[in-house]
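Engineer: Build me a model from this:
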Amino acid sequence: MVNPVDPSMVSTAPDLAPVAKILDSSGTLVETVKLPLMDRSANLFGKRHLLSSSYTAGRYFVIYQWTLSTMVYQNADVFDVIAGGDVDGQVIGMDYMSLPTGRHLIYETESGKLISGRNPKV
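Structural biologist: Numbers count the residues shown, from 1 in each chain. Predicted coordinates:
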């Protein structure tokens, strides 16, 4: 989230929606994300952003940029991606089936992948 401010640090509506430029630890641009207005009364821009497989473990820098009367302003942030999780995303649906071949769990991930597991144990 970013709250655009003018040179005197007063919250000000920008000319256009701010963008977040995400760079990896070597300074290579990974992605540019346009930030929609979230709260008009507080002048806050931002969005939930799911990381794709382009984000490997490591440190990332975010440069928020906005324009006020042709002047470009910016602010910065940093985040770390740690190893773990699944590149196909979170499980969004799951079903249990008992078949002659065994007990099965079938689940779908955010990427749309269907995965089956057999004879699950707790």
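
Engineer: Could you tell me which strands sit next to the helix or strand that contains L105 in the sheet, and their orientation?
Structural biologist: Under the criterion of DSSP states H and E, L105 resides in strand 102-109. Within its sheet, strand 102-109 is paired with strand 91-99 (antiparallel), strand 114-118 (antiparallel), according to DSSP bridges.

Engineer: Where does the prediction get shaky in this protein?
Structural biologist: Low-confidence segments of the chain (pLDDT under 70): 121-122.

Engineer: Just the strands from it, written as ranges.
Structural biologist: 19-24, 29-34, 37-39, 44-45, 58-68, 71-81, 91-99, 102-109, 114-118 (DSSP state E).

Engineer: Minimum distance to P4: which of those strands has it?
Structural biologist: Judged by Cβ to Cβ, the one of these that comes nearest to P4 is strand 58-68, at 4.4 Å. Glycine gets a C-beta too; all of them are placed from N, C-alpha and C.

Engineer: Run a quick neighbour tally on V30.
Structural biologist: Using other Cβ atoms under 10 Å, V30 is surrounded by 16 other residues.

Engineer: Grab the nearest non-local neighbour of it.
Structural biologist: I22 (4.8 Å; Cβ to Cβ, 6 or more residues apart in numbering).

Engineer: swap in S98?
Structural biologist: Per Cβ to Cβ, 6+ apart, closest to S98 is H104, 7.7 Å.

Engineer: Only the buried residues of stretch 39-57, if you could.
Structural biologist: N43, F45, G46, L51, Y55 (16 or more other Cβ atoms under 10 Å).
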